[in-house]
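Asks: Give me a 3D structure for the following:
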Amino acid sequence: MSVVPTEFETRRPGPLQPLAVRIGAISWMPRLLPAIVRTDKALQGATRGRVTILDVAGLPNLMLTTVGRKSGLPRSNPLLCVPDGHRILIAGSYFGGPKEPLWVKNIEANPAVTARFRAETFELVARRLEGAERAEAWQTMLATWPNFARYEQRTDRQIKVFELVAAD
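Replies: Sure thing, here's the model as predicted:
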């Protein structure tokens, strides 16, 4: 485990980010998500976490590991994330699909998580943001991934937003 930095570095968008934004806006993308996640996990396994699909797209990302709320087993999911100073923001968007991702329920049951971010692993705690805090974080997230606005329009549910911070 690495010591959590006082600030998570924000990098400039990669050259493929505009293409990734266009692809991410396609309405049928939620149907491909399981295949994308399997492919990304395989790529990360083959490269020992050094390369991800989102890296190739020039987007900030992490591998989030939660504890399964029913099984008690570790569950890992690659996610787009937004480094924001001392915290990392994540959203349970699922490309605007009708259901929220399973990792959301796992975090709500046990907010202690592990995240591999830029080849380092950190112990973090998740906290759901609501009200004005969520609105402010949502605007920060839209600056990195404008498709979050589309995802919100596609679904009847409010997309949950979490901040990940250093565990005490």
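Asks: buried stuff in the helix or strand hosting residue 36?
Replies: Under the criterion of DSSP states H and E, residue 36 resides in helix 29-46. Across helix 29-46, burial judged by 16 or more other C-beta atoms under 10 Å covers 29-30, 37, 40-41, 43-44. Placement of C-beta: from N, CA and C, glycine included.
Asks: Kindly export the lengthiest strand in the chain (C-alpha atoms) in CSV.
Replies: Secondary structure of the chain per DSSP state E: the longest strand is strand 120-129. Output in CSV follows, covering the C-alpha atoms of strand 120-129 (Å, rounded to 0.1, in the frame of the first residue of the first chain):
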residue,chain,number,x,y,z
GLU,A,120,-0.3,2.8,-6.8
THR,A,121,-2.7,1.2,-4.4
PHE,A,122,-4.4,3.2,-1.6
GLU,A,123,-6.7,2.4,1.3
LEU,A,124,-9.6,4.9,1.0
VAL,A,125,-13.0,5.6,2.5
ALA,A,126,-16.0,6.4,0.3
ARG,A,127,-18.6,9.0,1.2
ARG,A,128,-21.8,9.6,-0.8
LEU,A,129,-22.2,13.3,-1.7
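Asks: Give me the distance from it to the chain's centre.
Replies: Chain-centre distance of strand 120-129: 11 Å, with C-alpha atoms, centre = their mean, to the nearest Å.
Asks: And the spatially most central residue of the chain, which helix or strand is it part of?
Replies: What sits nearest the mean C-alpha location of the chain, by C-alpha atoms, centre = their mean, is residue 79, with 3.1 Å. Element membership for residue 79 (DSSP H and E) is strand 74-80.
Asks: for the following helix or strand past that strand, packing partners?
Replies: Where DSSP H and E defines the elements, the next helix or strand beyond strand 74-80 is strand 82-84. Applying 3 or more C-beta pairs under 8 Å, 6 or more residues apart in numbering; DSSP states H and E, one finds that strand 82-84 makes contact with strand 87-91, helix 131-144.
Asks: Out of these, the one nearest residue 168 is which?
Replies: Smallest distance to residue 168 across the helices and strands packed on strand 82-84 (C-beta to C-beta): 14.1 Å, for strand 87-91.
Asks: could you check the angle strand 120-129 makes with that closest one?
Replies: Computed with axes from the mean of the first three to the mean of the last three C-alpha atoms, to 10 degrees, the direction of strand 87-91 lies at 60 degrees from that of strand 120-129.
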